[in-house]
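**Student:** give me the fold of what follows.
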Amino acid sequence: MTTTQTTRRTVLGGLAAVAALGLPAATGTAAAVPVLDGRPGPKIGILLYDGFSLLDPTGPAELLSRLPGATVTMIGERRGPVRTDTHRTAVFADRAVSEVDRLDVLLVPGAGDRGTVGAMRNPVLLDWIRRIDRHTTWTTSVCTGALVLGAAGLLRERATTYWASAPYLEATFGVQYVPERYVRVGKVITAAGVSAGIDMALFLASELAGEEVARAVQLAVEYDPRPPFDAGDAATASPRLKELALRLLAESQQ
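**Tutor:** Below you'll find the predicted structure:
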C-alpha cells in the first residue's frame with residue numbers, strides 16, 4: 001500500500017467517524033473553543049502506585065484531558081505498567097517520579113489496603129509528593145489517596161476520603177472528616193470514594209478553564225448519573241450493606 005493510499009484511507013475513516021458521532025466537520029473557520037487567556041494549558045500529573053483503584057485516576061483523567069491545552073500524564077515510581085488493586089488490570093505510567101519536578105495539578109488516587117499502606121510507607125513517593133506540592137496550583141486526591149496526602153503532611157483542618165477510612169483519617173491526621181463528594185481546603189481538594197473523583201474533576205475543570213468549559217466537558221462525556229439503586233451513600237446504608245460492600249472489595253483484591 002502506498003503512502004497516498006494510506007493517507008486517503010485514514011482521512012476517509014476519520015470523516016466517517018466524525019459523521020457517526022455527529023461532530024461538526026472542520027471548516028476554514030475555527031470553532032469558538034475557549035482558550036486559557038492565551039496561556040499554555042495546565043500540566044496535570046496523576047500518580048500511579050501498586051494496588052491503586054482503577055477508576056480513581058482514570059475517571060478524572062477522562063475529563064481533565066479534554067480541557068483546552070491540558071496535558072495529563074500518568075506517573076509512577078518507575079515507567080511501565082502499574083497493577084490495580086484487583087491485580088487483573090494495569091495502567092501504563094509514562095513517566096517516573098524522578099523525571100517530573102513541576103506540575104500545575106497533582107492527583108493522588110486511592111487504593112485497597114495493600115496499595116494505600118504501601119504508598120503511605122514509601123519514602124520515595126512521599127518525598128516526591130511534598131516536592132511537587134511546593135509548586136502546584138492544586139494538589140488533589142481521590143478516595144484513600146487522602147491518607148497518602150496525610151502521610152505526606154499535606155492535610156489541614158478538613159478532608160474527605162472513602163467512608164470506611166473516615167475514623168482512621170481523623171485519628172491519624174487530626175483533620176475533620178467531611179462526608180461530601182469533595183472538600184476544598186486552600187489548594188488541596190480531597191474527593192470521597194472512587195466515583196467521587198469525577199465530581200471533583202468537574203469542579204477542578206471549572207477552576208482551571210471556567211464553568212462553561214467544565215459544563216461542556218460534562219456534556220462531552222455524558223456524565224448524567226442516574227443509578228438504578230439509591231445505595232451509594234454510606235450515611236443511609238444499613239450495617240449489613242456496608243459489611244457486604246467491604247467484603248466484596250476485600251475479596252476482589254485477593
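
**Student:** can you show me the strands along the stretch 1-150 of the chain?
**Tutor:** In the stretch 1-150 of the chain, the segments counted as strands under DSSP state E, counting those that start in this stretch are 43-47, 71-76, 80-83, 90-93, 95-96, 105-108, 138-142.

**Student:** among these, which is nearest residue 224?
**Tutor:** The closest of the strands of the stretch 1-150 of the chain to residue 224 is strand 138-142. By Cβ to Cβ, the value is 20.4 Å. In this view, the C-beta of every residue, glycine as well, is placed from N, C-alpha and C.

**Student:** packing partners for that closest one?
**Tutor:** The contact analysis (3 or more Cβ pairs under 8 Å, 6 or more residues apart in numbering; DSSP states H and E) places strand 138-142 against helix 55-64, strand 105-108, helix 123-133, helix 145-151, strand 188-191, helix 196-209.

**Student:** circling back: residue 180: which of the strands of the stretch 1-150 of the chain is closest?
**Tutor:** Closest among the strands of the stretch 1-150 of the chain, using Cβ to Cβ: strand 138-142, at 13.4 Å.

**Student:** any idea of the mean pLDDT in the closest one?
**Tutor:** For strand 138-142, mean pLDDT is 98.

**Student:** beta partners of the closest residue in space to residue 93 that isn't next to it in sequence?
**Tutor:** Among residues not flanking residue 93 along the chain, residue 76 sits closest, at 3.0 Å (Cβ to Cβ, 6 or more residues apart in numbering). Counting by DSSP bridges, residue 76 is bridged to residue 96.

**Student:** now for residue 76: which residues touch it?
**Tutor:** By Cβ atoms under 8 Å, 6 or more residues apart in numbering, the contact set of residue 76 is 47, 48, 49, 82, 93, 95, 96, 97.

**Student:** want to throw the residues you listed into TSV with pLDDT?
**Tutor:** Listed next are the contacts of residue 76 as TSV, based on pLDDT from 0 to 100:
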residue	pLDDT
47	98
48	98
49	98
82	98
93	98
95	98
96	98
97	98
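
**Student:** reformat the residues you listed as JSON lines; add distance to residue 164.
**Tutor:** What follows is the contacts of residue 76, written out as JSON lines (distance: Cβ to Cβ, whole Å):
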{"residue": "47", "distance to residue 164": "22"}
{"residue": "48", "distance to residue 164": "22"}
{"residue": "49", "distance to residue 164": "20"}
{"residue": "82", "distance to residue 164": "23"}
{"residue": "93", "distance to residue 164": "27"}
{"residue": "95", "distance to residue 164": "32"}
{"residue": "96", "distance to residue 164": "32"}
{"residue": "97", "distance to residue 164": "28"}
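
**Student:** any quick PyMOL command for the buried ones out of those?
**Tutor:** In PyMOL, a selection of the buried entries from the contacts of residue 76 looks like this (16 or more other Cβ atoms under 10 Å):
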select buried, resi 47+48+49+82+93+97
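
**Student:** and the furthest pair within the contacts of residue 76?
**Tutor:** Within those, 49 and 95 form the most distant pair, 13.6 Å apart (Cβ to Cβ).
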